[in-house]
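*Asks:* quick one, what's the 3D model for this:
(chains A and B)
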Amino acid sequence: MNFLLKKMKQIEPLFKKGGRFEKLHSVYDGFATFLFVPDTVTSRGSHIRDHMDMKRTMTVVLIALMPALLFGCYNIGLQHTRAFGLNDWTLMHMFWFGFLKLLPMIIVSYVVGLGIEFVAAQIRGHEINEGYLVTGMLIPLIMPIDVPLWMVAVSVAFAVIIGKEIFGGTGMNILNPALTARAFLFFSYPGWMTGDAVWIEGLVKGGGLDGFSGATPLAVAKLEGIANMPSAMDMFIGTIPGSVGETSTVAILIGALILILTGVGSWRIMLSMTLGALGIGLLLNATGGNDYTQIPAYYHLIMGGFAFGTVFMATDPVTAAQTNTGKYIYGALTGVLVVVIRVFNPAYPEGTMLAILLMNVMAPLIDHYVVNANIRRRIKRIRTA
Amino acid sequence: MSTLIKLRKGLNIKLAGKAEKILLPEAPVTRYGVRFADFPGLVARLEVQEGDKVMAGSVLFHDKMFPEIKYVSPVSGVVREVLRGEKRVLTEVIIDLDGTGRIDFGAADPLRLSRGEVTEKLLKSGLWPVLRQRPYHIVARPSETPRDIFISAFDTAPLAPDLDFIMANTHGGFLQTGINVLSRLTDGKVHISQESEGTRVAEMKNLQNVEFHRFSGPHPAGNVGVQIHHIAPVSKGEVVWTLDLQDVVAIGRLFSTGFHDREKIIALAGPGAQHRKYHRIRPGASVESILKGNLGEGNMRIISGNVLTGKKISQEGSFGFYDNMVTVIPEGDYHEFFGWATPGLTKFSYWRTFLSKLLPGREFQVDTNMHGGHRAFVVSGHYENVLPMDIYPVHLLKAILAGDIELMENLGIYEVAEEDFALCEYIDPSKTEIQEIIRSGISLMIKEMN
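*Replies:* Numbering: from 1, shown residues only, chains lettered A, B, ... in the order given. Modelled structure (predicted):
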């Protein structure tokens, strides 16, 4: 690797102040630190530092996303064969078909998002933030497969600029950037984000089998009744229509395991959000209200974006509650809200995105009260002393 | 036996290079230095010039704000140089050893002296600065009476010396006198915190006029600030004092013999040192004497203190005023190809993303590489795992960065020192200079409160 290092050092002056490509400094820096951990040594404070850095943190999340991504590719193909009656496709065929459909979305997401990150880093004189590595993968996974690429590009630009960079970049944002992208499309182009056709590759253009509906289980429950929903096993495995990465609870659980074992994702949020949704689901089962309250409570955990949102979106450390106590409250309330929106909102069948975004906004308030309790303990000590 | 306080939060960084429990005879030292940076917040007024002859106990400089606090020469000699840094800020007074002259401050039984007389003796002899106060972790103010005095009798920092071994080899008889002196200074108690098994040293066991506590748990359980937090936390308006166990001995020695002599036993540790043993040394001594022929190959960093909180010094640098070890580790000035992506079997980490977590009991190599670039705070819920105090570290840090005095006060700035946050800094994947932020917060508080 010495050869590569020499080469990198050789071209470095070009990107330094006064160099020919000064304006690309952040790009050079991004690639150089990607290839080689820099030789910076500690100068103040602790003389030794942990080997963990932001690149590794984000990489762990990316690895955790892989099962959902791979299953998503397969499911794109599977749903396509079902809609168009292509009974002779093999598993590899379906996977490859899905992969080739998803790849352009991933590329667009990364090119647009990282492009903006590079520019932002250059303007601020910071190093490039790794946060977008995860956001850029999350965005394609929470989109319907048929959404046009230009919409992906616009929503990514909106999310990165308005959702993140104007607040100061990764670490400063209030809303989860990936969900901001999705919410932007959801409200700007609802025709491409809801309905029966967008979840299945090619169905928007028509030509599907007669009588085939590509509706998600949530929409089925709302429009056709609970009796017509797919089986719980199908929803758990994930062979149902839906956003690319959200359908397979199994694949997401593998990701959850990775995040929890490595300590990168918060088990507190995952647990409390699941319990929150389950709790309110059981309560609604008992009390009734409308037809929709009769969906078995555990269905809420395996259909729609709940599992994906719980494991990968609500746990975003920047936009979630920061205190441990706050995380329990934040998670539980998010879980409750998901189900409440699903059951009582006549307009949207799905509630995960809106619930998480709303709780992102509330998270600092939750932390505020948790930290205030600490402050009160401290003040009380003076009074009793 | 005292009750055991069990701490669960914290982290023992398992480094290779502990010192063997062998005490070497004292090596001759010819050069001493008193470093101003050892005393954060100090504005010093020099009382000597280059070329002046000094004795052990002669005043070198005093505190501008509290002129009665004197800083003295540890040995007899000649002031060779007064070093200055940027903007002519004083950095160090260098003394060449010459002769054996020492000032006799007079022996006295502390129990027969008034508080004022005890204070005066400590101030005059230049031993006063061994007393530090919380809040702020700065040299104690003589005008104040501390609520209590706290001493930690064990050190949990990486590669830290065994204080029990040190006490077993310390010339006996002075410790109780030192404790008696301290008991005159406070209306409260003198607290000594020990490891869970207690001590094997008879002199320690039989101490009078003290209250013993026992702690178990990973680093920073040995930090006096953490111990105070669990024994009797510092609230707004309260002041407690702290000092090192070996300085209790020095105070005892002063009152028993009349001389300022801070001879102590320290450890030389770290993978960069070849013969890692215990040494007798005085604060200010050039570490050259113990490092000679002892350094490993390559570019090494010499640290006066431990790897988390010590100061970087040169091979001839002066041993710090408050330290109890010298650590030598390799510099980390190399590029690592895809270093962030390696499985990490040989890399110690707090994080469970490294395979090294599967190797309990193994000791690991370290160096001074940052292992990453600086970022904004991203992860949450981990800093508190290595800070065994009822304090929200990130919220306190953000209050400091925002300069919000009231919030800093409410979040516990009076209870902390930078050393208590060293592990937060170590594990931080965003590579924030957390200890520096804490110190800047403390400095801001001092400025605002005076």
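*Asks:* is chain A contacted by stretch B:280-296?
*Replies:* No: against chain A, stretch B:280-296 shows no contacts by CB under 8 Å from any CB of the partner chain, the least distance being 15.4 Å. (C-beta placed from N, C-alpha, C; glycine too.)
*Asks:* could you work out the end-to-end span of that stretch for me?
*Replies:* Criterion CA to CA, to the nearest Å; first-to-last residue distance in stretch B:280-296 is 22 Å.
*Asks:* and if you look at stretch B:127-137?
*Replies:* 17 Å.
*Asks:* next: stretch A:229-244.
*Replies:* The first and final residues of stretch A:229-244 sit 19 Å from each other (CA to CA).
*Asks:* residues contacting the closest residue to B:Thr309 other than its chain neighbours?
*Replies:* In space, B:Thr309 comes closest to B:Glu419 once its chain neighbours are excluded; the distance is 4.6 Å by CB to CB, 6 or more residues apart in numbering or on different chains. Applying CB atoms under 8 Å, 6 or more residues apart in numbering or on different chains to B:Glu419 gives the contacts B:His137, B:Pro220, B:Asn223, B:Gly225, B:Leu308, B:Thr309, B:Gln435.
*Asks:* separation between B:Glu419 and B:Ile438?
*Replies:* 9 Å (CB to CB, to the nearest Å).
*Asks:* and if you look at A:Ile161?
*Replies:* Applying CB to CB to A:Ile161 and B:Ile438 gives a distance of 34 Å.
*Asks:* higher neighbour count, the two?
*Replies:* With neighbours defined as other CB atoms under 10 Å in any protein chain shown, A:Ile161 and B:Ile438 compare such that B:Ile438 has more, 26 against 13.
*Asks:* check whether that one really touches B:Ala417, as I assumed.
*Replies:* Yes: if you go by CB atoms under 8 Å, B:Ile438 and B:Ala417 touch, sitting 7.3 Å apart.
*Asks:* coming back round to it: that's a helix at the residue nearest to B:Thr309, yeah?
*Replies:* Yes: counting by DSSP: H, G, I helix; E, B strand; the rest coil, B:Glu419 is part of a helix.
*Asks:* give me the neighbour count for the closest residue to A:Ile162 other than its chain neighbours.
*Replies:* For A:Ile162, ignoring the flanking residues on the chain, the nearest one in space by CB to CB, 6+ apart is A:Thr180 at 7.3 Å. Neighbourhood size, A:Thr180 [other CB under 10 Å]: 25.
*Asks:* distance check, A:Thr180 against chain B.
*Replies:* In this view, A:Thr180 and chain B are 17 Å apart by CB to the nearest CB, to the nearest Å.
*Asks:* can you tell me the element A:Val343 falls in?
*Replies:* helix A:324-344 (DSSP states H and E).
*Asks:* chain A contacts on the stretch 1-150 of chain B?
*Replies:* Residues of the stretch 1-150 of chain B lying near chain A (CB under 8 Å from any CB): B:Ile13.
*Asks:* what residue in the stretch 1-150 of chain B comes nearest to chain A?
*Replies:* B:Ile13 (7.4 Å; CB to the nearest CB).
*Asks:* what about the nearest residue in space to that residue that is not next to it in sequence, how many residues nearby?
*Replies:* Using CB to CB, 6+ apart and skipping residues adjacent in sequence, the residue nearest B:Ile13 is B:Pro158, 4.5 Å away. Other residues lying near B:Pro158 total 29 when counted by other CB under 10 Å.
*Asks:* what sits against B:Pro158?
*Replies:* A:Ile48, B:Asn12, B:Ile13, B:Leu15, B:His219, B:Asn306, B:Val307, B:Leu308, B:Thr327.
*Asks:* thinking again about what came up before, which single one of the contacts of B:Glu419 is nearest to chain A?
*Replies:* Taking CB to the nearest CB as the measure, chain A sits nearest to B:Gln435 out of those, at 4.0 Å.
*Asks:* surely the closest one and B:Thr309 touch.
*Replies:* Yes: with contact taken as CB under 8 Å, B:Gln435 and B:Thr309 are classed as touching, separated by 7.2 Å.
*Asks:* identify the contacts common to the two.
*Replies:* A:Ser46, B:Glu418, B:Glu419, B:Ala422.
*Asks:* okay, now the unreliable bits of the chain?
*Replies:* Picking chain A for this. Residue ranges of chain A with pLDDT under 70: A:1, A:384-385.
*Asks:* try chain B instead
*Replies:* Using pLDDT under 70, the flagged stretches of chain B are B:1.
*Asks:* how about the longest helix along it: buried residues?
*Replies:* In terms of residue count, the longest helix belonging to chain B (DSSP state H) is helix B:434-449. By 16 or more other CB atoms under 10 Å in any protein chain shown, the buried positions in helix B:434-449 come out as B:Ile434, B:Gln435, B:Ile437, B:Ile438, B:Arg439, B:Gly441, B:Ile442, B:Leu444, B:Met445.
*Asks:* out of the residues you listed, which touch chain A?
*Replies:* Applying CB under 8 Å from any CB to the buried residues of helix B:434-449, those adjacent to chain A are B:Ile434, B:Gln435.
*Asks:* and which of the buried residues of helix B:434-449 is nearest to chain A?
*Replies:* Among the buried residues of helix B:434-449, and counting by CB to the nearest CB, the member closest to chain A is B:Gln435, at 4.0 Å.
*Asks:* show me what contacts the closest residue to B:Asn180 other than its chain neighbours?
*Replies:* Closest residue in space to B:Asn180, ignoring its immediate chain neighbours: B:Pro110 at 4.6 Å, by CB to CB, 6+ apart. Residues in contact with B:Pro110, defined by CB under 8 Å, 6+ apart, are B:Val118, B:Thr177, B:Asn180, B:Val181, B:Ser183, B:Arg184, B:Phe255.
*Asks:* show me where the stretch 201-350 of chain A has its helices.
*Replies:* A:217-223, A:232-237, A:249-262, A:267-287, A:299-302, A:306-308, A:324-344 (DSSP state H, counting those that start in this stretch).
*Asks:* ok, chain B next?
*Replies:* B:115-125, B:163-169, B:175-185, B:202-205, B:224-231, B:245-257, B:288-291, B:393-402, B:405-410, B:422-427, B:434-449.
*Asks:* deepest-packed of these, please.
*Replies:* Neighbour counts (mean count of other CB atoms under 10 Å in any protein chain shown) averaged over each of the helices of chain B peak at helix B:422-427, with a mean of 26.
*Asks:* export that helix as PDB, just CAs?
*Replies:* Taking C-alpha atoms only, helix B:422-427 is exported to PDB below (Å, rounded to 0.1, in the frame of the first residue of the first chain):
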ATOM      1  CA  ALA B 422     -10.800  11.700  30.200                       C
ATOM      2  CA  LEU B 423     -12.500   8.400  29.300                       C
ATOM      3  CA  CYS B 424     -15.400  10.200  27.600                       C
ATOM      4  CA  GLU B 425     -12.700  11.800  25.400                       C
ATOM      5  CA  TYR B 426     -11.000   8.400  24.900                       C
ATOM      6  CA  ILE B 427     -14.100   6.600  23.600                       C
END
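*Asks:* report all helices and strands that it contacts.
*Replies:* For helix B:422-427, the packing partners by 3 or more CB pairs under 8 Å, 6 or more residues apart in numbering or on different chains; DSSP states H and E come out as helix B:434-449.
*Asks:* for the contacts of B:Glu419, work out which two are farthest apart.
*Replies:* Between any two of the contacts of B:Glu419, the greatest separation by CB to CB is 14.8 Å, found for B:His137 and B:Leu308.
*Asks:* between the two, point out the one with more neighbours.
*Replies:* Neighbours were counted for B:His137 and for B:Leu308 using other CB under 10 Å; B:Leu308 has more, 25 against 20.
*Asks:* which non-adjacent residue is nearest that one?
*Replies:* Of all residues not flanking B:Leu308 in the chain, B:Ala422 sits nearest, at 3.8 Å (CB to CB, 6+ apart).
*Asks:* same deal with B:Ser430?
*Replies:* Leaving aside its chain neighbours, B:Ser430 sits nearest to B:Arg375 (4.2 Å; criterion: CB to CB, 6+ apart).
*Asks:* hang on, the earlier thing: columns distance to B:His371 on top of the helices of chain B, output as a markdown table?
*Replies:* Formatted as a markdown table, the helices of chain B follow (distance: least, CB to CB, whole Å):
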| stretch | distance to B:His371 |
| --- | --- |
| helix B:115-125 | 44 |
| helix B:163-169 | 31 |
| helix B:175-185 | 42 |
| helix B:202-205 | 40 |
| helix B:224-231 | 26 |
| helix B:245-257 | 34 |
| helix B:288-291 | 26 |
| helix B:393-402 | 20 |
| helix B:405-410 | 30 |
| helix B:422-427 | 11 |
| helix B:434-449 | 15 |
